[in-house]
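**Student:** Dropping the sequence and predicted coords here.
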Amino acid sequence: MNNPEIAIDSKPRLVLSGITKRYPSVVANENVSLTVQPGEIHAVLGENGAGKSTLMKIIYGITKPDAGTILWNGQYETITTPSQARRLGIGMVFQHFSLFETLTVWENIALALDERIAPTRLAAKITEVSEKYGLPIDPYRLVHSMSVGERQRVEIVRCLLQEPRLLIMDEPTSVLTPQAVLVLFETLRRLASEGCSILYISHKLDEIRALCDSATVLRGGRVSGTAIPKNETNESLARLMIGGELAVCTLTPRQPEEVRLELDHLSLPTSDPFGTTLKDISLMVRSGEILGIAGVSGNGQKELMAALSGERLSSGAMIKLLGHPVGDLNPAKRRELGLTFVPEERLGRGAVPPMSLSNNALLTGARKGMVSNGLIVPSVTRAFAKNVITRFKVKCGDEMSVASSLSGGNLQKYIVGRETMLEPKMMIVGQPTWGVDVGAAQLIRQALIDLRDQGVALLVISEELDELFIISDRLAVLAEGRLSPSVRPADTSIGQIGTWMSGKFNEPANPVSAGASPLMEVA
Amino acid sequence: MFVLERRASPSFTMAIASPILAALGMIATGFLLFSALGKDPVEVFYLFFIKPLSTTYDIGELLLKTTPLLLCGLGLAMGFRANVWNIGAEGQLTMGAIAGGGVALWFGDSDSVFAMPLMLLAGVLGGMIWAAIPAFLRTRFNTNEILVTLMLVYIAQLLLSWLVHGALRDPEGQNYPQSRGFGDAETMSVLIEGTRVTWGIVYAVGLAIISWIVSQKTIAGFRMQVAGVAPAAAAYAGFSEKRNIWIALLVCGATAGLAGICEVAGPIGRLQQTISPGYGFAAIIVAWIGRLNPIGVVFGALLMALLYLGGESAQMGMSLPSAITGLFQGLLLFYLLAADLFITFRLRRVRPVKQVEVKPAVTLGSAA
Amino acid sequence: MNPLVPMIAATVVAATPLIYAALGETIVEKAGVLNLGIEGMMLIGAVAGFAATLATGSDFIGFIAAAAAGVALSLAFGFLTLNLQTNQVATGLALTLFGIGLSAFVGHNLAGTPLPPLPSIKIPGLTNIPVIGDLLFHYDIMVYLSLVLFAAVQWFVTKSHAGLTLRAIGESPSVAHAIGKPVLLTRYLAVMFGGACAGIAGAYLSLVQTPMWVEGMSAGKGWIALALVVFGTWKPARVVLGAYLFGGVTQFQLFAQGFGLPIPTEFLSMLPYAATIIVLVIICRDPKTILLNQPASLGISFHAAA
């Protein structure tokens, strides 16, 4: 890991001072300073919206700061483009991958290289570097045929080909199974031992304590503290990160009642050539229970969501809602039976961006007296929207504010609130807390648990394993379009779920490496 | 240096101001153009915008030209709001004229009270049938309606040409490619004495009001609007995409068809080779200037009608080519689109800050 | 002489402007930009090329002027859609309406003046070979240049690094921006190339095919070129093949007259338009064909946050 000799002998790899970036409605970074030594793995920790990604984009030359300086190996640099950053020796692995799906691996890599290499030579180089670091990839494969984890390898190899002196990793583990996380950490430690500095962006405390030499914590765009993660606890890091204690949700045991949703060998070929085919999925959700569906996105989550909501139709009997076959019913008809759903994509699907919150209530709530003889009753829609805003503590102007003016967390609270107040019998939620700040995430999880306690059946699809272990009565894993058996969280381990996430449902639980790292304390 | 930045929410003021700015931009450009051509811009301006409004007869002409523009514009605006790009209103207008005109010729000189209602109905149906083709192809075969509706314009015009050269040609018409004149009962009555304006304008304004109510007050209008701005949200809510496409196209077909029959049963009085100087295309601009809002479309149609009349009067008064109307129409739409930018964005002045150079990603007037 | 020979020759001449316009638009769309203004740019190219040739007597200068006029108009489109983020469909329509109006305005004194047609290239020996000589070796230079253009576009899109960048930007401008590709510049260059090609296509109508200036003389060919890009599923070779098929359809009149088929001319004139619709239906029937081939960002504005 950190090699003290290098650190003492040479100048810091990167020194940021006074970096400030303002957007019309928010200050993304204010007076942020941090120092990274050669060979150091440095965490940038902060919750969603704390300004981590903006800071990294500034270092990588995508975003221009309003003020501040960047000292690179002791030299002042003004980094204005990513290619300049790459020439300096800065590589970045993006959270949302920067790959072109219709192109091959080598084409993707050629695009980001600033020198021209003949395709065959480049392919050979890709194979060589990828094998050296234990990240095997086939240079001639089309990216859209690869899993999310494989795509991350392409991103990393692309950086490594340029022999970076600083590698920025933006939330790299959300797309990985717990086992793959450990492999990634090995690769990163090896890179660091070779003298490459690593800026590791994350909001996952265990990971940072397991991997990083030092940490800079951001809160609301400002540095709220620095720490040596190994000497901290999750609680002390969380205090720095959110300025308070981590609230906890608890699930009181409860006897589930009648079956509300039943999938009977649901198979659905994808309509999108880049999508996932659902294969033989059977499950049951009862009144008063939460079924959590874990798995890395891109394994059929979107497709399952569409099949459940009715945006994609299947044959009638494959999906039963309260005993009715609904596979061939559209979303509006399923809603009439008492189904509501919160999609993973908020702006543009769950809400209409340029419309007011009041009109966004009308989007799914028309049957709650908002329409009479085909005419909209504005007083009812506004009252409904107002009610959601107060009950779910949505921060916004008023019910006439447009949806796109809300922050991600507040919009999600509004959508969850709207779907909750439609008094569902069955509710389906996709990625409830993606990109949502800690406070909002807490409120949303509690709202889901409250619904369960009122006897609603819930199905929650999420990438956040920690979250699912907290809120689920039962857990199943969606991998490559197939669904694992379901288990009670208490009867399983992160290790077993991780094995399932790579599609191996039949193998016995594989405990994650002996002497489990702090990373695995979560469950 | 100026940078563009997104407004927190769209500016309502700019949405209203933008068409006015666009009209001013168009006039300013016209001023420069005419000066460059050695014409007196003040005189052209007079011929274009004042003279066509100076007598009752002229006002009547204005309303007469407003009628088809308003009818087509209303239908198009409804489609554009729902993200259905019907650009073939001209063809639907032509088919309305053929169908309605066919009924008129069938009635001959009969003074049946059923003649006019049946003609109007046939006109509406003719337009709807023509619009049903792209609706069917889009919903069934996923075929882009932009190209299909446009191709159908050419086909409709050739069909009309074939009819007036053949089956429907007036046998006593000295071989002119036109039909017999319609009888009295088959011609729309004049609304204002001393002008040529017909009842068509009343239908058009009535439809504008209905269209406004539907778009602003009903769940049906809401559904179409959602489909236009956020198709994924419409799917999520369970609004049928296919139904929206059918409605958008059929409504526009109906209004354009009505425009067609109102033209041939009104000022033209017969079927002939050319029945519209591009009203169906100009209506695209009308819909845009009107902010896709039915009440706005009324003003858009009046402005566009004025441009047509102005073009005619400039042609007669200064022997300018009539194409000047088309030029101004295009300019107007260009300026409008540019001005619309400021509904969602604003310009902000930025000063480079010390040490770190700031380069905006979007710099007005530079390519890279 | 074989009666088919003049028909095929007419087909090639009819297809040539479609090839220029559609290859240009293919590049524009590969960059993720939908320019519906081809019709307008063709007309401006037709009138500019005609006026320049009339004034100078040089066809070469005519084509240069046409390309320049097409580029000028495409820059207006580029500024609106790329800098000002206007709706590409609406802006393309505006460009067409503007082009129709401006060309008619500029050209109203030129209408009806005839020009001598472009001489065909004669290669001693080759041109005189029976049938083959007539079929292959007696066209004007623009026909041969259209094939050179095809080869160049084909190479650019499939083999060159710049072509790879172009395709990447067409798939995802935001990703391209994130890895430091010049999205705006590339899109501008593509739009300008499309403008130049459309201008040349228009000049081919007014300098070679007719050759004279007639108001609205493109008669929907710009729109057919747009359909050809879809028909060719954004692949240059298929686009060119489609152009020849359509050239054949437009010349069906000759065929019908030749065989004395009693079909009214109006219906024969409808053929290319009807064929366009049929072809679109066949290609678009399976949504996967479009999803797999259409540049993913086609028609969507891209605004890089500063």
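**Tutor:** Now that the structure is in, tell me what you want to look at. All figures in this text were calculated on a predicted structure; none of them were measured in a lab. Residues are numbered from 1 along each chain as shown, chains lettered A, B, ... in the order given.
**Student:** so where's the chain shaky on pLDDT?
**Tutor:** By default, I'm working from chain A. Residue ranges of chain A with pLDDT under 70: A:1-10, A:25, A:507-523.
**Student:** not quite, I wanted chain C
**Tutor:** In the predicted model of chain C, residues C:1-3, C:118, C:120-128, C:130-137, C:254, C:257-258, C:304-306 satisfy pLDDT under 70.
**Student:** For it, give the helix that spans the most residues.
**Tutor:** Here the longest helix in chain C is taken by residue count, with DSSP state H as the criterion, and it is helix C:4-30.
**Student:** helices or strands next to that helix in the packing?
**Tutor:** In terms of contact count using 3 or more CB pairs under 8 Å, 6 or more residues apart in numbering or on different chains; DSSP states H and E, helix C:4-30 is assigned the packing partners helix C:38-56, helix C:132-136, helix C:141-159, helix C:161-171, helix C:183-204, helix C:221-231, helix C:236-250, helix C:252-258. Just so you know, the C-beta spots here come from the backbone N, C-alpha and C atoms, and that holds for glycine as well.
**Student:** right, and these - which one's nearest chain B?
**Tutor:** Shortest separation from chain B across these is recorded for helix C:183-204, at 4.2 Å, computed as CB to the nearest CB.
**Student:** that older thread, and the angle from the longest helix of chain C to helix C:221-231?
**Tutor:** Angle of helix C:4-30 versus helix C:221-231, following axes from the mean of the first three to the mean of the last three CA atoms, to 10 degrees, is 70 degrees.
**Student:** For helix C:4-30, which residues meet the burial criterion?
**Tutor:** The neighbour-count check on helix C:4-30 (16 or more other CB atoms under 10 Å in any protein chain shown) flags C:7-30 as buried.
**Student:** dump the residue contacts of B:D40.
**Tutor:** When contacts are counted by CB atoms under 8 Å, 6 or more residues apart in numbering or on different chains, B:D40 touches B:F34.
**Student:** if we can go back for a sec, distance between the longest helix of chain C and the chain's centre?
**Tutor:** Its chain's average C-alpha position is 7 Å from that of helix C:4-30, according to CA atoms, centre = their mean, to the nearest Å.
**Student:** orientation of that helix relative to helix C:183-204 in degrees?
**Tutor:** 160 degrees.
**Student:** and helix C:4-30 with helix C:236-250, angle?
**Tutor:** Relative orientation of helix C:4-30 versus helix C:236-250 (the same axes, to 10 degrees): 140 degrees.
**Student:** could you check the angle helix C:38-56 makes with helix C:4-30?
**Tutor:** 120 degrees.
**Student:** any weak-confidence spans in chain B?
**Tutor:** Applying pLDDT under 70 to chain B flags the ranges B:1-4, B:8-9, B:349-368.
**Student:** what kind of secondary structure is whatever residue of the stretch 101-250 of chain C ends up closest to chain A in?
**Tutor:** Of the residues in the stretch 101-250 of chain C, the one nearest chain A is C:G180, at a distance of 3.2 Å by CB to the nearest CB. Using DSSP: H, G, I helix; E, B strand; the rest coil, the structure places C:G180 in coil.
**Student:** Quick check: phi and psi at it.
**Tutor:** Recorded main-chain torsions at C:G180 are phi 90, psi 20, according to degrees, to the nearest 10.
**Student:** Name the nearest residue to it, sequence neighbours excluded.
**Tutor:** Excluding its sequence neighbours, the residue lying closest to C:G180 (CB to CB, 6 or more residues apart in numbering or on different chains) is A:P82, at 3.2 Å.
**Student:** wait, A:R189 sits on A:I41?
**Tutor:** Yes. Here A:R189 lies in contact with A:I41, judged by CB atoms under 8 Å, at a distance of 7.5 Å.
**Student:** Can you pick out the residue with more neighbours from these two?
**Tutor:** Here A:R189 and A:I41 are set side by side on neighbour count (other CB atoms under 10 Å in any protein chain shown), and the busier one is A:I41, at 27 against 14.
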